[in-house]
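> Can you look at this prediction? I've put the sequence above it.
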There are 6 protein chains.
Amino acid sequence: MKPEEYYFEKEPYYEQVHDEIAVFEAAYLNQLPVLLKGPTGCGKTRFMEHMAWRLKRPLITVSCHDDLTASDLVGRFLVKNSETVWVDGPLAAAVRAGGICYLDEVVEARKDTTVVIHPLADDRRVLPMEKVGELLEATADFCLAISFNPGYQSVLKDLKQSTRQRFVALEFDYPESELEKKIIQNEAAVDGEMAARLVKFAHMTRNLKGSGLDEGASTRLLVHAAKLIASGVKPVVACRACVAQALTDDSDMLAAVNELSASLF
Amino acid sequence: MKPEEYYFEKEPYYEQVHDEIAVFEAAYLNQLPVLLKGPTGCGKTRFMEHMAWRLKRPLITVSCHDDLTASDLVGRFLVKNSETVWVDGPLAAAVRAGGICYLDEVVEARKDTTVVIHPLADDRRVLPMEKVGELLEATADFCLAISFNPGYQSVLKDLKQSTRQRFVALEFDYPESELEKKIIQNEAAVDGEMAARLVKFAHMTRNLKGSGLDEGASTRLLVHAAKLIASGVKPVVACRACVAQALTDDSDMLAAVNELSASLF
Amino acid sequence: MKPEEYYFEKEPYYEQVHDEIAVFEAAYLNQLPVLLKGPTGCGKTRFMEHMAWRLKRPLITVSCHDDLTASDLVGRFLVKNSETVWVDGPLAAAVRAGGICYLDEVVEARKDTTVVIHPLADDRRVLPMEKVGELLEATADFCLAISFNPGYQSVLKDLKQSTRQRFVALEFDYPESELEKKIIQNEAAVDGEMAARLVKFAHMTRNLKGSGLDEGASTRLLVHAAKLIASGVKPVVACRACVAQALTDDSDMLAAVNELSASLF
Amino acid sequence: MKPEEYYFEKEPYYEQVHDEIAVFEAAYLNQLPVLLKGPTGCGKTRFMEHMAWRLKRPLITVSCHDDLTASDLVGRFLVKNSETVWVDGPLAAAVRAGGICYLDEVVEARKDTTVVIHPLADDRRVLPMEKVGELLEATADFCLAISFNPGYQSVLKDLKQSTRQRFVALEFDYPESELEKKIIQNEAAVDGEMAARLVKFAHMTRNLKGSGLDEGASTRLLVHAAKLIASGVKPVVACRACVAQALTDDSDMLAAVNELSASLF
Amino acid sequence: MKPEEYYFEKEPYYEQVHDEIAVFEAAYLNQLPVLLKGPTGCGKTRFMEHMAWRLKRPLITVSCHDDLTASDLVGRFLVKNSETVWVDGPLAAAVRAGGICYLDEVVEARKDTTVVIHPLADDRRVLPMEKVGELLEATADFCLAISFNPGYQSVLKDLKQSTRQRFVALEFDYPESELEKKIIQNEAAVDGEMAARLVKFAHMTRNLKGSGLDEGASTRLLVHAAKLIASGVKPVVACRACVAQALTDDSDMLAAVNELSASLF
Amino acid sequence: MKPEEYYFEKEPYYEQVHDEIAVFEAAYLNQLPVLLKGPTGCGKTRFMEHMAWRLKRPLITVSCHDDLTASDLVGRFLVKNSETVWVDGPLAAAVRAGGICYLDEVVEARKDTTVVIHPLADDRRVLPMEKVGELLEATADFCLAISFNPGYQSVLKDLKQSTRQRFVALEFDYPESELEKKIIQNEAAVDGEMAARLVKFAHMTRNLKGSGLDEGASTRLLVHAAKLIASGVKPVVACRACVAQALTDDSDMLAAVNELSASLF
């Protein structure tokens, strides 16, 4: 892993919603880890890219999943051409590089990952690498960030109190209308009128959350639709493919969402 | 894996149902991944073969299952004659070749596959290959496509919102009668009258969906029956073996479906 | 694995019940895979032996179970005297030899087996052998057959629609009385009178299916009893050991079944 | 494994209860496998030892359990002093030696054991040893026997119909009083009076089966008590330690069973 | 494993409660295995130490747990400096040394442990060591003992009848008051008055068993408290830390137990 | 592992709440292991650091989790540059160094850890290291400590009576107001007024425990908020990020907790 590949040279586009940039910076200064909460597609990953650029630190992202183990994060010995070589995992690499390690959807990971992040997430700030007999100390540059989506937590996949109470937590949600319109236009070549209609459409679907939809349209889905429209796909077809079909498989809900878009475009 | 084996020289036969070819091409142009939804046997795999031919890209298909891991997709070190050799998995091979990687029934795979497809399925478009310390960037040629059948999703085997909201989604269903008749005749040596009767039979079984049958007869099953008929098997026997017995094990439903075919042939 | 050991030189004894021989031959000609359905002990394995002999192909049978993986079917590298040797599994061996591969009770296998049989079971007819980087194409000689017993399928162990809709399906059941009597006499040295009584006894137990018995006596159990009788065991004792005790552990049902045999012998 | 260690030179003491010796011999002659059913401690293992002596065959016994795999039965490659050596498992050893393989409580084993015993348990009589590419054919000398205890079968641990219908089944139970008394005196140095009282005590506990006790006292437990009595332990104390405490942990039931013994000794 | 380390040179202090020493000796003489039943902390381990000293045999104790396998007990090949060395597990070591093997809380172990103890626990008295192809015969010196606590058995963790009916069973419970007082004074430097009060306190908590407490104070907990008191900790504080907090987490029960001790000290 | 890295040179700041220091010292003197009970963030880890400093012993801490095995604690053979090297796990290292081994949230570990801690936690005080054939005896210096949080124990994750009754138990809770204010000021650069308000705020949230909150604000969370406030973040924003969002995801509870902080700052 070459840390220099993980720096952002250009400012990643991010529009602040509340005061999340200041709080993140204060947590970073005080060497406190950060927890990002919020639904998918509302900008958590982009925010991390922006903060990495702002703090001039490399950003190492790990999408967590059911089979992710502590060894996947810390590293392991690999046999290469009959020589045993230690290969740092992404977390160890981030600690060594004084970078930001972002564990996306951390509750999905296997539970032995907690043994690794706990000593990094309190005032010890160490990473025990038992297989190489090393206790890696994090410098002040290092930052640990994790995300999770409270809307999808089950009893089996919840963040333990002893984990979550180690983090400063930031809540993310969809941006308000003017800001979201601005974001869409920044990402796809559509005019203000079209962007505004897409935002209006998104609000309609978000009102259906809990009444048949698990989620409303995220900002990302609007950007997808805008891109297809800019490529010449009809808005109703683009909204069907990028928003309605992405949100649900229920035929009644699909019909309802498609009617909403038909009323707008 | 030799990518040149995965190109289609001849146009795979495919009849467009709606505007799926145009939407797929727009998504491909905008480097957005695609999700195909729909029941088994309605042409999703054939559509992918057709698009691969149309876009002049190799198509690498992976049938996902309960035990498919990220390593199966990305690759692994193998020991051959006491030398350690890295072997790309199908997904890495597709990224390198600038091909189309089609993960069939992706929800069946183990959850660590998501760690692999998430960074490929958003605007990062990278494949982290941690075991070789490589961050493989996808070119504009590469395309990720996945399929799933909404009719069979359970709580345990559902596509997470954070996954599905990364894809442009296309819905597939059985073609309408004339088109389906045309398809049968293209695939098996039966006359138009026989093909029409098979389509009529299929519609009868599709009306039983939800009233005792999990699925009606798919286009593929009709092609099977047509092939056996063309080989001299009696239509009623062919429908029994290729359609009724393939759809259900319930003796009452079997009798009902067989009566339907007896009334037609 | 030496394919020549898997040919049948002598015709395996099999009595056709319906038109299963013709349908199997038509499916074989059209390169369609075959699914055999039916209870245990009614002749599915013998039918496969007969068809293998008739089509002059080697028959490779795999009894599937909870722990059977794709590697067990495809093959694996084995270390022998510190050399790494690839050993084909039974499925790869059957494809190479152009033989018939019969996966008995396929739903018992682990789910990664589907990734292997799906591309072999549709018009691609290929076996992906990723570990050796080979895409093995099946010749027209190759045939895939699977069996399952609908009576014992649970939610967890059901054949997925996307699997079963790839196969031509044949249903097996116990033969009618005259045929079953003939089979018994062919297999064991008893006279026609004794064989007829055994068939009558079997019918009595089959009527109890669903009223205390999971299954009635299969043809195989009758053959067992006939063999013991031919060896001098009293019919009532043979029926008790070969039929009643094999069918149930319930003391009331055992008493009932034993009374039935006592009334006959 | 040295088969010669598994022969019985002296006749193992066994008292026939019904006609189980004749039925076993007939099954053996007809090369049919045998299933022994019955509660623990009633003589199944001793019966197998007796039959092995009678048939002059080595007896290889395997106690099955949750983690027993097919490889445990068939064999595996072991690395010894950096040489790879194939070591036959007990089942393969029994087939090679033409011995009797007795799988005790077979339903406890993992399911891949069925793939191994099915082809041995029908008229194929072969043991597929895929790892050494060998199809081991059983001679007429070989015999497969399995046991299970119907009283303790759960849904998860039941013998599949497709397995049990391959076996000739023998039911075992406690011997009647005179026989049981004779057995006790043969095994432990007590007089007839004491043996008779122990049998009477056993019958009392067997009447409690289903009314608080899972099982009554088996013959084995009576032998244990008789041995302790012969060593000078008081009968009431011996019955408490060898019978009551072995049967139950419930304090009321313990008191009840101890009162029964107090009334007799 | 060096057996000579496992002999007891000094007599381990043990006070007999009933006739357990005589029964154990008789079982040992008759080569019958022994099962110790009873709650934690009532002296089972100490009894085994005492018997090992009395019989002049080494004592090898294994605390069983969910992940303990047969290989952990029997032994395994280990690779040391690229040489393969067989290392006996504790059970094999005990058999070879003619020692006493004590499997503490045996029901916690994985089920393949039963395959190992069954042939050792009946009149065969052999330990099959399949990996080294050895059938280790136990001499008359060897003794197998297991323990379990009936109070905590669940359906999943119960001793199978086929296992428990192989053992002579001894029941353990807390000693009566005078004896318990004597034990406390032998283990910790407190006077008789203090020891008597601790026993009285223990009885009060034992009366709460089933009314909010899973267990009353064991003898071991009293010894703990006595030791802290002898070190200068106030009795009420010692009882709180050693007894109340060790027994329960429920705040009402804690208050109740603390009030009991406050009333005594 | 180098034990010298695990000594504390400076006194870790700890404010005694009751008499926990004296009880720990008495337990340590009597070689009794210690169990710390209490919620997250109330000072258990800091107490252990303080005691390690006070007793002049190295402190080795292990955060336990679902996948932690006995081998992780005891050690394992690792292959390094084709040489096999034994590497002590943290528990073995602590025993050898005569240090304090602190197993944090021990009930989270896999059950084979109990086999390792049981003989260390009673008067045997030995660590069986079967893989190297060594029975490591703990010196009087060694101390075993474990923690668990009674508030989060489920049936599956409870401390067995046979484990907990081996430990002297200390209960931890939040310090009373004056002490907590003092702690906050010691850890973060806020004035007494601000510290007092934070403590008041914490008490308000602790009153909500059981009425919508799983836990009230721990001392650690107050320190986090104080640090952000000292860095210039507004108190209401700091309390939202460090306390409210860390405690709950429920929007109603978030609003309620935020209102509480708004009323104070």
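Yes, it's here. Numbering: from 1, shown residues only, chains lettered A, B, ... in the order given.
> tell me the pLDDT at residue A:81?
With respect to pLDDT, residue A:81 has a value of 61.
> I meant to write residue A:14 there.
Per the predicted model, pLDDT is 92 at residue A:14.
> now swap in residue A:156 and tell me
Residue A:156 is given a pLDDT of 55.
> give me phi/psi at residue A:146?
Note on residue A:146: backbone dihedrals following degrees, to the nearest 10 are phi -130, psi 160.
> Run a quick neighbour tally on it.
28 (other C-beta atoms under 10 Å in any protein chain shown). (Glycine included, C-beta is placed from N, CA and C.)
> Same check on residue A:211?
Residue A:211: 8 neighbours (other C-beta under 10 Å).
> Could you do residue A:187 as well?
18.
> now the longest helix along chain A, how far from the chain's geometric center?
Secondary structure assigned by DSSP state H gives helix A:192-207 as the longest helix of chain A. How far helix A:192-207 lies from its chain's middle: 23 Å, per C-alpha atoms, centre = their mean, to the nearest Å.
> right, is that helix up against chain B?
No - if you take C-beta under 8 Å from any C-beta of the partner chain as the test, helix A:192-207 misses chain B, and the best it gets is 11.9 Å.
> Residue A:35 looks like it's in a strand, true?
Yes - the assignment for residue A:35 by DSSP: H, G, I helix; E, B strand; the rest coil puts it in a strand.
> how about the helices of chain A, start to end?
Going by DSSP H, chain A shows helices at A:20-29, A:44-55, A:70-74, A:90-97, A:112-121, A:161-164, A:177-187, A:192-207, A:219-230, A:235-239, A:245-247, A:251-264.
> and the residue lying closest to residue A:253 once chain neighbours are set aside, how many neighbours?
Distances taken as C-beta to C-beta, 6 or more residues apart in numbering or on different chains put residue A:212 closest to residue A:253, at 4.7 Å, once the chain neighbours are dropped. Neighbourhood size, residue A:212 [other C-beta under 10 Å]: 13.
> I'd guessed residue A:212 sits against residue A:256; true?
Yes - Residue A:212 lies in contact with residue A:256 (C-beta atoms under 8 Å); the separation is 7.3 Å.
> same question for stretch A:168-182, mean pLDDT?
If you average the pLDDT values across stretch A:168-182, you get 93.
> Quote the end-to-end distance of that stretch.
From its first residue to its last, stretch A:168-182 covers 29 Å (C-alpha to C-alpha, to the nearest Å).
> quick one: that stretch to chain centroid distance?
That offset, for stretch A:168-182, works out to 14 Å (C-alpha atoms, centre = their mean).
> and if you look at stretch A:251-261?
28 Å.
> again with stretch A:164-176
11 Å.
> who's in contact with the residue nearest the centre of chain A?
Centroid-nearest residue in chain A: residue A:45, 3.5 Å away (criterion: C-alpha atoms, centre = their mean). Contact partners of residue A:45, counting by C-beta atoms under 8 Å, 6 or more residues apart in numbering or on different chains, are A:61, A:102, A:104, B:122.
> biggest separation within the residues you listed, which pair?
A:102 and B:122 (13.9 Å; C-beta to C-beta).
> quick one: low-confidence parts of chain A?
Where chain A drops to pLDDT under 70, the residues are A:1, A:79-84, A:133, A:152-157.
> Write out the residues of it neighbouring chain E.
Counting by C-beta under 8 Å from any C-beta, chain A has no residue next to chain E.
> Across the sheet, point out what pairs with residue A:145.
Residues in a beta bridge with residue A:145, per DSSP bridges, are residue A:34, residue A:102.
> correct me, but it touches residue A:28?
No - taking contacts as C-beta under 8 Å, residue A:145 lies outside contact range of residue A:28: 9.4 Å.
> got any residues that touch both of these two?
Contacts common to residue A:145 and residue A:28, judged by C-beta under 8 Å, 6+ apart, are residue A:34.
> Compare the two (neighbour count), which wins?
Legend: neighbour count by other C-beta under 10 Å for residue A:145 and residue A:28, higher for residue A:145 (27 against 23).
> what residues go with each domain of chain A?
A:3-171, A:177-264 (automatic domain parsing).
> Span of the shortest one from start to end?
For domain A:177-264, the first-to-last residue distance is 16 Å (C-alpha to C-alpha).
> Now do that domain: distance to the chain's middle.
21 Å.
> and the stretch 151-265 of chain A, which of its residues are near chain B?
So the stretch 151-265 of chain A meets chain B at A:152, A:214-215, A:218, A:220-221, A:224, A:227-228, A:231-233, A:237-238, A:241-242, A:245-247, A:249 (C-beta under 8 Å from any C-beta).
> Now the buried members of those.
Among these, those classed as buried by 16 or more other C-beta atoms under 10 Å in any protein chain shown are A:152, A:215, A:218, A:220-221, A:224, A:227-228, A:231, A:233, A:237-238, A:241-242, A:245-247, A:249.
> I figured residue A:256 was touching residue A:208, is that so?
Yes - using C-beta under 8 Å, residue A:256 makes contact with residue A:208 at a distance of 7.3 Å.
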